[in-house]
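K.L.:
Quick one, structure for this:
(chains A, B, C and D)
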2 protein chains.
Amino acid sequence: MNKKKLTEVLCGAEQLCRKRGVRLTARRRTVFELLCASDKPLSAYKILDRMRVAARNPAPPTVYRALDFLLEQGLVHKLESLHAFVGCTHPEHPHSSQFLICGDCGEVSEMENEAILQSLQTAERATGFKTRHPVVELLGTCAQCAEKHQSG
Amino acid sequence: MNKKKLTEVLCGAEQLCRKRGVRLTARRRTVFELLCASDKPLSAYKILDRMRVAARNPAPPTVYRALDFLLEQGLVHKLESLHAFVGCTHPEHPHSSQFLICGDCGEVSEMENEAILQSLQTAERATGFKTRHPVVELLGTCAQCAEKHQSG
DNA sequence: GGAAAGGATGTTATGTTATAACATCATCAA
DNA sequence: TTGATGATGTTATAACATAACATCCTTTCC
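P.N.:
Presented below is the predicted three-dimensional model:
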């Protein structure tokens, strides 16, 4: 993410939190910024390492608390299969996403596919299950890496 | 799972491994049996605890190696969102499942829903992403627990 | 302003999940 | 029997996550 876009996203997050009456404190903002600035998902401990530059001697709970807050607000997503987190670039509306996780280059793309959500909801209705949080993560190879393998 | 069904599943696993030319050793069999006998998913360390009854002083790699083998053979599934494992009751054909995970009673049901798989595949084709392993886990409340809450 | 309440953070310790690295043992084929 | 391969044992440690309690900051109310 370039600097301009990052500023936009941070401003958006500020506004969102103000509107909701919750506090995007310095710590939380730092964690969110680090995630958004990274083009790859970051584990809590990677975030911790990068925080050492700014804050002095942060401990794991510092990061996990900030992540809990950001997850609640929909500003970040957790990738269960990677034990890692990504910033969400469109947190304005509550949503559930699907993630395409490339095992080659490590890039993750977030998508919001209506057909997938529909099919999940149909299955729920059939079974009577009430989903609170769907986890959909596709582990594989992205288009670019797949192409490299074919040509290379 | 009752004892008769468990015996059947174990026999099935034996046959499957023989057919594939891979070895369902004592350790692997034990891990598989513990998972199948449990009505809830088990973490690797829970399995380890239960193994202490039989083997003397097993260490984590013992369990993780057995799990790796069983995962490869499709005899067990990993639930990423729980850091836990479940036995698969129909490993004959390779398949990818979806899991309904009840946060109340802890029960997990495995389903193989064609419509969901279709919608995932459609999304893949649209993006050029090649999925090796789809993770679909719905966290919520099962029908029974939901009913209890309404009436209770 | 000052006190009380609630939320956020700091700090220490520990729990939980997972793997690296190397030694040993078992199985099977040549 | 020997060599190759795969499975297991063993020790240590890496990586991920939270409990528990102290402290501090912010807001509200008097």
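
K.L.:
Can you name the residues of chain A that neighbour DNA strand D?
P.N.:
Residues of chain A lying close to DNA strand D by C-beta under 7 Å from any atom of the strand are A:43-46, A:59-61, A:64, A:83-84. To be clear about C-beta, it is placed using only N, CA and C from the backbone, and glycine gets the same treatment.

K.L.:
Most neighbours among the residues you listed, which one?
P.N.:
Neighbour counts for these (other C-beta atoms under 10 Å in any protein chain shown) peak at A:A84, which has 22 neighbours.

K.L.:
right, and it touches A:Y45 too?
P.N.:
No: counting by C-beta atoms under 8 Å, A:Y45 is not a contact partner of A:A84; they are 9.9 Å apart.

K.L.:
Pull out the buried residues from the host helix or strand of A:V136.
P.N.:
Per DSSP states H and E, A:V136 falls inside strand A:130-141. For strand A:130-141, a neighbour-count test (16 or more other C-beta atoms under 10 Å in any protein chain shown) marks A:130-131, A:134-141 as buried.

K.L.:
What is the most widely separated pair among those residues?
P.N.:
Taking C-beta to C-beta as the measure, the buried residues of strand A:130-141 span a maximum distance of 34.1 Å, between A:K130 and A:T141.

K.L.:
Got the phi and psi for A:R18?
P.N.:
When read as degrees, to the nearest 10, the backbone of A:R18 gives phi -60, psi -50.

K.L.:
er, A:L24 I mean
P.N.:
When read as degrees, to the nearest 10, the backbone of A:L24 gives phi -90, psi 90.

K.L.:
In space, what's closest to it - neighbours in sequence excluded?
P.N.:
Among residues not flanking A:L24 along the chain, A:C17 sits closest, at 4.1 Å (C-beta to C-beta, 6 or more residues apart in numbering or on different chains).

K.L.:
what sits against the one you found?
P.N.:
Counting by C-beta atoms under 8 Å, 6 or more residues apart in numbering or on different chains, A:C17 makes contact with A:23-24, A:73.

K.L.:
What's the local residue count around A:V53?
P.N.:
The number of residues packed near A:V53 is 9, by other C-beta under 10 Å.

K.L.:
sorry, back to before: any chance of the residues of chain A next to DNA strand D in CSV, plus distance to B:E92?
P.N.:
Listed next are these as CSV, based on distance: C-beta to C-beta, whole Å:
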residue, distance to B:E92
A:S43, 37
A:A44, 40
A:Y45, 41
A:K46, 41
A:A59, 49
A:P60, 44
A:P61, 46
A:Y64, 42
A:H83, 32
A:A84, 34
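
K.L.:
For those, which two are the farthest from each other?
P.N.:
Longest distance between any two of the residues of chain A next to DNA strand D is 19.2 Å, between A:A59 and A:A84; criterion C-beta to C-beta.

K.L.:
a markdown table for the buried residues of strand A:130-141, including pLDDT?
P.N.:
Shown next, in a markdown table, are the buried residues of strand A:130-141 (pLDDT from 0 to 100):
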| residue | pLDDT |
| --- | --- |
| A:K130 | 97 |
| A:T131 | 97 |
| A:P134 | 98 |
| A:V135 | 98 |
| A:V136 | 98 |
| A:E137 | 98 |
| A:L138 | 98 |
| A:L139 | 98 |
| A:G140 | 97 |
| A:T141 | 97 |
